[in-house]
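1. Just to be clear, the model below is a prediction. Sequence and coordinates:
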Amino acid sequence: MNPEENKIQAKKIVVAIDGHSSCGKSTIARDLAKAVNYKYIDSGAMYRAVTLYCIENGLFEGNRLDEETLKEKIQQIHITFKHNQTTGKSDTFLGDRNIEKEIRSMAVAEKVSPVAAVGFVRQALVRQQQAMGIDKGIVMDGRDIGTIVFPDAELKIFVTARPEIRAKRRQAELSAKGETITIEEVLRNLETRDLIDSTRKDGPLRKADDAITFDNSDMTIEEQNRRMQDIFKQYATY
Ligand code: CDP
């Protein structure tokens, strides 16, 4: 290990990354965690996992969610992350099942924000997320990480990008997975989710007062990684 890395290890911090839908938070968070040898947690995957559980267990009647049944079941929904050697990324598991592919579908994206607005769902997941960060050395991305999950995080980033750029990025991601969808549909989904996420009572999406705004509309992945690592070094070393 070189001395620079040693310094980073010496003072482990919590990095909270929040922002709008599809602005690249997960890529930023994952790449940063990898570069500095931190744990990475995608909190959105946890809300998506609960949503998939609701869909598969018939808790949705059209758009109506059976909250009463979900409340009874929430403690039995076990979500974990496991490293995938092939992709080099971490996969989301619901019980023993790898659900990484299913939770990224449009079907889940369309139902996730109402599920994530339910108070007891947030309480259960926030508790798990806080436990994951107890030893620091973690990068977590989501909507309420810097405000609710880790209000004392040493480094908070609020990521944003222009809506049309976000829609294009998400469309490309879905299309790579074989899901064909128009740019208008993607845009509509992003805007609806952002509206629900920002206006809900519990853990609304908002920039923490001490967060750094990071607009990556015109940045390449390499550039955003370089800038993030520069910011990180200012906070994690002394
Ligand atoms: O990838 P994208 O940014 O589109 O979404 P995500 O991070 O996978 O999160 C999916 C949804 O989960 C969001 O639209 C929010 O409704 C919800 N979420 C949340 O409420 N709180 C979090 N900490 C993370 C996600």
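-> Noted; the coordinates are in hand.

2. Using the three-state scheme, assign Phe81.
-> strand (DSSP: H, G, I helix; E, B strand; the rest coil).

3. doesn't Leu94 make contact with it?
-> No - Phe81 lies out of contact with Leu94 (C-beta atoms under 8 Å); the separation is 11.2 Å. No exception for glycine: its C-beta is placed from N, CA and C like everyone else's.

4. Contact partners for Glu154?
-> 13-15, 235-236 (C-beta atoms under 8 Å, 6 or more residues apart in numbering).

5. wait, which of those is closest to Ser175?
-> Val15 (30.2 Å; C-beta to C-beta).

6. now the contacts of Glu154 in TSV, with distance to Val126, neighbour count and pLDDT?
-> Shown next, in TSV, are the contacts of Glu154 (distance: C-beta to C-beta, whole Å; neighbours: other C-beta atoms under 10 Å; pLDDT from 0 to 100):
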residue	distance to Val126	neighbour count	pLDDT
Ile13	20	19	96
Val14	14	22	98
Val15	17	31	98
Tyr235	23	15	93
Ala236	24	21	91
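
7. can you put the residues you listed in JSON lines and add secondary structure and distance to the ligand?
-> Formatted as JSON lines, the contacts of Glu154 follow (DSSP: H, G, I helix; E, B strand; the rest coil; distance: C-beta to the nearest ligand atom, whole Å):
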{"residue": "Ile13", "secondary structure": "coil", "distance to the ligand": "19"}
{"residue": "Val14", "secondary structure": "strand", "distance to the ligand": "14"}
{"residue": "Val15", "secondary structure": "strand", "distance to the ligand": "14"}
{"residue": "Tyr235", "secondary structure": "helix", "distance to the ligand": "21"}
{"residue": "Ala236", "secondary structure": "helix", "distance to the ligand": "22"}
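
8. Now for Tyr38, how many residues are close by?
-> By the criterion of other C-beta atoms under 10 Å, Tyr38 has 22 neighbours.

9. Use 294 as the first number from now on
-> Yep, numbering from 294; the last one is Tyr331 now.

10. Check which residues of the helix or strand that Tyr346 is a member of are buried.
-> Per DSSP states H and E, Tyr346 falls inside helix 336-349. Buried positions in helix 336-349, judged by neighbour count with 16 or more other C-beta atoms under 10 Å: 336-348.

11. and it with the ligand, contact?
-> Yes - looking at helix 336-349 against the ligand by C-beta under 6 Å from any ligand atom, the contacts come from 336-337, 340-341.

12. got the CA positions of that helix in PDB?
-> Backbone C-alpha positions of helix 336-349 (Å, rounded to 0.1, in the frame of the first residue of the first chain) are rendered in PDB as follows:
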ATOM      1  CA  SER A 336     -29.900   2.400  -0.800                       C
ATOM      2  CA  GLY A 337     -32.200   2.700  -3.800                       C
ATOM      3  CA  ALA A 338     -31.700  -1.000  -4.500                       C
ATOM      4  CA  MET A 339     -33.200  -1.700  -1.100                       C
ATOM      5  CA  TYR A 340     -36.400   0.300  -1.900                       C
ATOM      6  CA  ARG A 341     -36.500  -1.400  -5.200                       C
ATOM      7  CA  ALA A 342     -36.200  -4.800  -3.500                       C
ATOM      8  CA  VAL A 343     -39.200  -4.100  -1.300                       C
ATOM      9  CA  THR A 344     -41.100  -2.900  -4.300                       C
ATOM     10  CA  LEU A 345     -40.400  -6.100  -6.200                       C
ATOM     11  CA  TYR A 346     -41.500  -8.100  -3.100                       C
ATOM     12  CA  CYS A 347     -44.800  -6.100  -3.200                       C
ATOM     13  CA  ILE A 348     -45.400  -6.800  -6.900                       C
ATOM     14  CA  GLU A 349     -44.600 -10.500  -6.700                       C
END
